[in-house]
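Novice: coords please:
(chains A, B, C and D)
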There are 2 protein chains.
Amino acid sequence: MKENCTIYNTIDIISKKWTLLIILSIHKGTNNTKRYSEIKKDMSGITSKILSLRLKELEKEGVINRKIDDIKIPIKVYYSLTDSGKDLLKIIQDIKIWGLKWKKQSKLTTRICNRTICKDCNI
Amino acid sequence: MKENCTIYNTIDIISKKWTLLIILSIHKGTNNTKRYSEIKKDMSGITSKILSLRLKELEKEGVINRKIDDIKIPIKVYYSLTDSGKDLLKIIQDIKIWGLKWKKQSKLTTRICNRTICKDCNI
DNA sequence: CAGGATCCAAAAGGATACTG
DNA sequence: CAGTATCCTTTTGGATCCTG
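Specialist: Numbers count the residues shown, from 1 in each chain, chains lettered A, B, ... in the order given. You can find the predicted model right below:
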């Protein structure tokens, strides 16, 4: 089952901690692009190790692109969503909608993101 | 971020190992209902500990219902999807579609579920 | 700036055995 | 049948320090 099930395998890709939030963060950037340090600033609590790990995984999975500008120091690295990455935004939004619909009451504060366009998530 | 983000929290609920597959398995049952042992039989590889753990989590989250029939021994326990559980099926299907669209080529055997209605997943 | 390296803590999951 | 209990392994994530 594990080896052959599309859902099982796909869940494996997208369900890791921070992953979907990272995709959202990149999506928020101008032209779907954001730099490493900007993403890190968005994710309060993430460490550089985990962030670079996730970014590597996502790049390997073809969900994001990595573009390095090392013409001048300090170098800058830009991450952007690929087409498949952009395709994930719909799923992320559906997950959000499900959460708002069914989970809003359970762990709630007024600070939770509950607008159609979320202030925190921008989705 | 962790505390207030709907997506972050919702991901936490649905991304655990086996969770979505369990939901699918229950969905496959007659009237969206399935017994513990039947679910276990569906998930090749899962242990009873993990299965009962997931079922408890999902019940607590209001995604599934648990109905016990202990009139005669051996007792039987029936699990079914709640409305919020049924609502997740759409998301699961979208995840599958995403996986089939973007991941089919990457780790592929012909045995992967790739029909509109999957033989393994029934979704 | 964008990470890599190292070490460590915690969590998650699996194997096995047992029970009302 | 539907789980528990116990023990153990693996995975994951975090803290801290370092570097081209």
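Novice: which strand or helix spans the nearest residue to A:Ile39 once chain neighbours are set aside?
Specialist: Excluding the flanking residues, the one nearest A:Ile39 by CB to CB, 6 or more residues apart in numbering or on different chains is A:Ser25, at 4.8 Å. Every residue, glycine included, has its C-beta placed from N, CA and C. Per DSSP states H and E: A:Ser25 is located in helix A:19-28.
Novice: what sits against the residue nearest the centre of chain A?
Specialist: Chain A has A:Ile23 as the residue nearest its centroid, 2.1 Å off, counting by CA atoms, centre = their mean. By CB atoms under 8 Å, 6 or more residues apart in numbering or on different chains, the residues touching A:Ile23 are A:Leu58, A:Val63, A:Ile64, A:Leu81, A:Gly85, A:Leu88, A:Leu89, A:Ile92.
Novice: what pLDDT is listed against the second one?
Specialist: By that I understand A:Val63. pLDDT for A:Val63: 96.
Novice: give me the neighbour count for it.
Specialist: Residues lying near A:Val63 (other CB atoms under 10 Å in any protein chain shown) number 25.
Novice: mind listing what's buried along the helix holding A:Ser25?
Specialist: A:Thr19, A:Leu20, A:Leu21, A:Ile22, A:Ile23, A:Leu24, A:Ser25, A:Ile26, A:His27, A:Lys28 (16 or more other CB atoms under 10 Å in any protein chain shown).
Novice: with pLDDT and distance to B:Ile7 added, can I get those in a markdown table?
Specialist: Output for the buried residues of helix A:19-28, formatted as a markdown table (pLDDT from 0 to 100; distance: CB to CB, whole Å):
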| residue | pLDDT | distance to B:Ile7 |
| --- | --- | --- |
| A:Thr19 | 94 | 11 |
| A:Leu20 | 93 | 6 |
| A:Leu21 | 92 | 7 |
| A:Ile22 | 95 | 11 |
| A:Ile23 | 95 | 10 |
| A:Leu24 | 93 | 7 |
| A:Ser25 | 93 | 11 |
| A:Ile26 | 96 | 14 |
| A:His27 | 95 | 12 |
| A:Lys28 | 91 | 13 |
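Novice: how about the residues of chain A near DNA strand D?
Specialist: Neighbours of DNA strand D within chain A, by CB under 7 Å from any atom of the strand: A:Lys16, A:Lys17, A:Trp18, A:Gly45, A:Ile46, A:Thr47, A:Ser48, A:Lys49, A:Ile50, A:Leu53, A:Pro74, A:Ile75.
Novice: for the closest residue to A:Ile22 other than its chain neighbours, which residues are in contact?
Specialist: Distances taken as CB to CB, 6+ apart put A:Arg54 closest to A:Ile22, at 5.5 Å, once the chain neighbours are dropped. Counting by CB under 8 Å, 6+ apart, A:Arg54 touches A:Lys16, A:Trp18, A:Thr19, A:Ile22.
Novice: switch the cut-off to 10 Å
Specialist: By CB atoms under 10 Å, 6 or more residues apart in numbering or on different chains, A:Arg54 lies in contact with A:Lys16, A:Lys17, A:Trp18, A:Thr19, A:Leu21, A:Ile22, A:Ile23, A:Ile39, A:Met43, A:Ile46, A:Ile64.
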